[in-house]
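**Q** no sequence for this one, just the structure:
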């Protein structure tokens, strides 16, 4: 805005310059000045939402995010909720994106992106509902194909691979140049046991869009699964050259370095993840895993404790902390953590077996038996064998 005023001042000053005394030049100058004044006044009159759109067009995501937040605070603008959700999705803040998509309009675009983010958050039933709504509205082939891909992921999660294949195929037919459709087709192929086809489809997603973050992540994951850590590292580092703050790519790179035995670099990757997103819980637990493997139980416990503080309803941190306490010889603390995990998820029979084994080490046969019985009731074959050998009914 100051630049425009400065330019106008130069023109106004120039009116008194001999060089500009020609009537034609004066008319042209007045026209330019009027135009600049119109542009300036227009900019001054822009709404906060419009300022956000302008920043977005220039690729200034952080500035756009601030304007959209301000627009929401000023007038609870639903369009600003949509734009803010799209920015947060790009930044991999999927749970926050879900919040804004839920408040925004119910267009096919909003529903398709909501389904994608809900899938990232493992909220599968809601993801299915949003995807079905997007397909029902069906304004845009790209949005409809994205929603179909989300449905394919839902059916992969529920192990209904026939339906997963159907929706993946429909997405690819509707939008053959959609990298999301090809990524999901690769995930379906992997679930069907065809690793080579999965890799081929992830590569095709990159051919369609060389900037596609998910394709780099999926390829890196496949290479890790195959224990081809060098290819995984190379692929993920290429992805990070384009997406320098992707926690998904850094996290997968940490896994690749762990497989290669380079635990120092793996820890650096996980630390970077947490610097970008302190709520990325799995990074705490993976760091704890590394410290545990090094015999540093204190640091392992500290990392798993961080995970449980950040996500007190997730069981993995408690179970891993129980493991570290048990290895350190602190059985009461180990039992407390396993019991907390069992309270959160009483369907996990293996947790009861771990508790039973610790009670056995404490020479407490009554509680040992009680936990084996709980595991046996849940259908655990190891626990049932234990009970049968001792004539214990469950």
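**A** Yep, it's here. In this text, all values refer to a predicted model and were calculated from it rather than measured experimentally. Numbering: from 1, shown residues only.

**Q** Distance from the helix or strand containing residue 62 to the middle of the chain?
**A** Assigned by DSSP states H and E, residue 62 belongs to helix 61-75. Remark: helix 61-75 is offset 22 Å from the chain centroid, using CA atoms, centre = their mean, to the nearest Å.

**Q** List the buried residues in it.
**A** The neighbour-count check on helix 61-75 (16 or more other CB atoms under 10 Å) flags 64, 65, 66, 67, 68, 69, 70, 71, 72 as buried. Where you see a C-beta, it was placed from the backbone N, CA and C, and this is true even at glycine.

**Q** I'd guessed the first one sits against residue 56; true?
**A** Yes - look at residue 64 against residue 56 with CB atoms under 8 Å: they come within range, at 4.2 Å.

**Q** Need the residues touching each of the two.
**A** 83, 87 (CB atoms under 8 Å, 6 or more residues apart in numbering).

**Q** distance of the nearest residue to residue 380 once chain neighbours are set aside from residue 370?
**A** Nearest non-adjacent residue to residue 380, counting by CB to CB, 6 or more residues apart in numbering: residue 349, 3.7 Å away. Per CB to CB, to the nearest Å, residue 349 is found 14 Å from residue 370.

**Q** try residue 391
**A** 15 Å.

**Q** now residue 289
**A** 30 Å.

**Q** do residue 277 as well
**A** Per CB to CB, residue 277 is found 41 Å from residue 370.

**Q** For the stretch 101-250 of the chain, which segments count as helices?
**A** 108-120, 124-137, 141-157, 161-174, 179-191, 195-208, 213-225, 229-242, 247-260 (DSSP state H, counting those that start in this stretch).

**Q** As TSV, the ones you listed with mean neighbour count, distance to residue 285 and mean pLDDT would be great.
**A** As requested, the helices of the stretch 101-250 of the chain are exported to TSV (neighbours: other CB atoms under 10 Å; distance: least, CB to CB, whole Å; pLDDT from 0 to 100):
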stretch	mean neighbour count	distance to residue 285	mean pLDDT
helix 108-120	26	18	96
helix 124-137	20	22	96
helix 141-157	24	21	96
helix 161-174	18	28	96
helix 179-191	25	23	97
helix 195-208	18	26	97
helix 213-225	23	17	97
helix 229-242	19	20	97
helix 247-260	23	11	97
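
**Q** Tabulate these (CSV), appending distance to residue 85.
**A** What follows is the helices of the stretch 101-250 of the chain, written out as CSV (distance: least, CB to CB, whole Å):
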stretch, distance to residue 85
helix 108-120, 6
helix 124-137, 12
helix 141-157, 14
helix 161-174, 21
helix 179-191, 16
helix 195-208, 23
helix 213-225, 17
helix 229-242, 22
helix 247-260, 18
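
**Q** Which one of these lies nearest to residue 379?
**A** Of all these, helix 141-157 sits nearest to residue 379, with 21.8 Å by CB to CB.

**Q** What is that closest one packed up against?
**A** helix 108-120, helix 124-137, helix 161-174, helix 179-191 (3 or more CB pairs under 8 Å, 6 or more residues apart in numbering; DSSP states H and E).

**Q** and the angle for it with helix 179-191?
**A** 20 degrees (axes from the mean of the first three to the mean of the last three CA atoms, to 10 degrees).

**Q** what about helix 141-157, distance to the chain center?
**A** 17 Å.

**Q** How about stretch 344-355?
**A** Distance, centroid of stretch 344-355 to centroid of chain: 28 Å (CA atoms, centre = their mean).

**Q** Would you mind pulling the contact partners of it?
**A** 313-315, 318-319, 322-323, 326, 335, 338-339, 341-342, 367, 371-372, 374-375, 378-380, 382-383.

**Q** Would you mark the buried spots in that stretch?
**A** Those would be 348, 349, 351, 352, 353, 354, 355, for stretch 344-355 by 16+ other CB under 10 Å.

**Q** which residues sit in contact with residue 144?
**A** 108, 112, 134, 135, 138, 174, 175.

**Q** more neighbours, residue 391 and residue 370?
**A** residue 370 (15 against 6; other CB atoms under 10 Å).

**Q** Now that one: closest residue in space that isn't a chain neighbour?
**A** Residue 370 sits nearest to residue 356 (CB to CB, 6+ apart), 7.9 Å away.

**Q** So for the one you found, what pLDDT did the model give?
**A** pLDDT for residue 356: 98.

**Q** Name the helix or strand for it, please.
**A** Using DSSP H and E, residue 356 falls in helix 349-361.

**Q** Need the contact partners of the helix or strand that that helix is followed by.
**A** Sequence-wise, the next helix or strand downstream of helix 349-361 (DSSP H and E) is helix 365-377. With CB under 8 Å, 6+ apart as the test, helix 365-377 has contacts from 349-350, 352-353, 355-357, 359-360, 382-384, 386-387, 390, 392, 394.

**Q** Helix 365-377: which residues count as buried?
**A** 368, 369, 371, 372, 373, 374, 375, 376.

**Q** my guess is residue 109 contacts residue 141, does it?
**A** No - counting by CB under 8 Å, residue 109 stays clear of residue 141, with 11.9 Å between them.
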